[in-house]
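1. the following block contains a protein sequence and its predicted model.
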Amino acid sequence: MVEVAHSLRVRTLRHKSLEWGIIEQSQAISITLKPLLMENPQPPHVFPQTHLPQDSFFWWHILGLLVLIATGWLFLGMAEDVVSGDPLTLVDAQLAAWFHAHATSQFTQFMLVVSNLQGIRAMSIYALLLGIFLLRKKQRYWLL
């Protein structure tokens with residue numbers, strides 16, 4: 001009974017594969033014979049040409065789009081708060097006043113170093129180090 005059910009699945013799969021143009025007639029014959037020769041016959045996994053490949057990055061693109069929309073919405077909310085003078089701007093003003101009241105030369109130097117870690121020179125050094133790392137790993141494709 002199991003062999004009959006498997007044979008029907010293979011025939012259906014062969015018919016659909018021929019219909020979708022994935023395999024030729026000569027390949028269809030070998031598909032029907034191979035499961036009979038194997039110990040644990042499994043029908044081959046065939047997808048129609050309109051189906052996305054299993055290893056596509058489609059869902060990563062959807063996730064990226066959702067993150068972009070969410071961060072844009074957050075930014076617009078903050079921009080609206082700044083324009084209308086909502087409590088967010090009051091908290092920002094209080095925080096700035098606290099930093100000015102507690103400013104020391106060491107703290108100011110530390111904050112300047114933190115700011116310069118995101119400057120043009122620092123980013124150029126980071127890019128150069130990343131490029132050297134990728135070259136050593138023989139990943140030249142990612143340098144484009």
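-> On my side now, so go ahead. Numbers count the residues shown, from 1 in each chain.

2. name the residues of the longest helix along the chain that are buried.
-> Ranked by residue count, the top helix of the chain under DSSP state H comes out as helix 58-84. Neighbour-count burial for helix 58-84 flags Asp81 (criterion: 16 or more other CB atoms under 10 Å). Every residue, glycine included, has its C-beta placed from N, CA and C.

3. repeat that for stretch 122-139.
-> Taking 16+ other CB under 10 Å as the criterion, stretch 122-139 shows none as buried.

4. next SSE downstream of the longest helix of the chain?
-> helix 87-101 (DSSP states H and E).

5. so what secondary structure elements neighbour that following helix?
-> helix 58-84 (3 or more CB pairs under 8 Å, 6 or more residues apart in numbering; DSSP states H and E).

6. okay, the angle between the helix it packs on and helix 87-101?
-> 80 degrees (axes from the mean of the first three to the mean of the last three CA atoms, to 10 degrees).

7. show me what helix 58-84 is packed up against.
-> In terms of contacts (3+ CB pairs under 8 Å, 6+ apart), helix 58-84 is packed against helix 87-101.

8. dump the C-alpha coordinates for the helix it packs on into CSV.
-> The C-alpha coordinates for helix 87-101 follow below in CSV (Å, rounded to 0.1, in the frame of the first residue of the first chain):
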residue,chain,number,x,y,z
PRO,A,87,7.6,67.1,27.0
LEU,A,88,10.3,65.4,25.0
THR,A,89,12.0,68.7,24.4
LEU,A,90,11.6,69.6,28.1
VAL,A,91,13.5,66.5,29.1
ASP,A,92,16.2,67.3,26.5
ALA,A,93,16.6,70.8,27.9
GLN,A,94,16.8,69.5,31.5
LEU,A,95,19.4,66.9,30.5
ALA,A,96,21.5,69.6,28.7
ALA,A,97,21.3,71.9,31.7
TRP,A,98,22.5,69.0,34.0
PHE,A,99,25.5,68.3,31.7
HIS,A,100,26.4,72.0,31.7
ALA,A,101,26.1,72.2,35.5
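
9. give the buried residues for that helix.
-> Neighbour counts over helix 87-101 (16+ other CB under 10 Å) mark no residue as buried.

10. pLDDT of it, averaged?
-> In this model, helix 87-101 has a mean pLDDT of 90.
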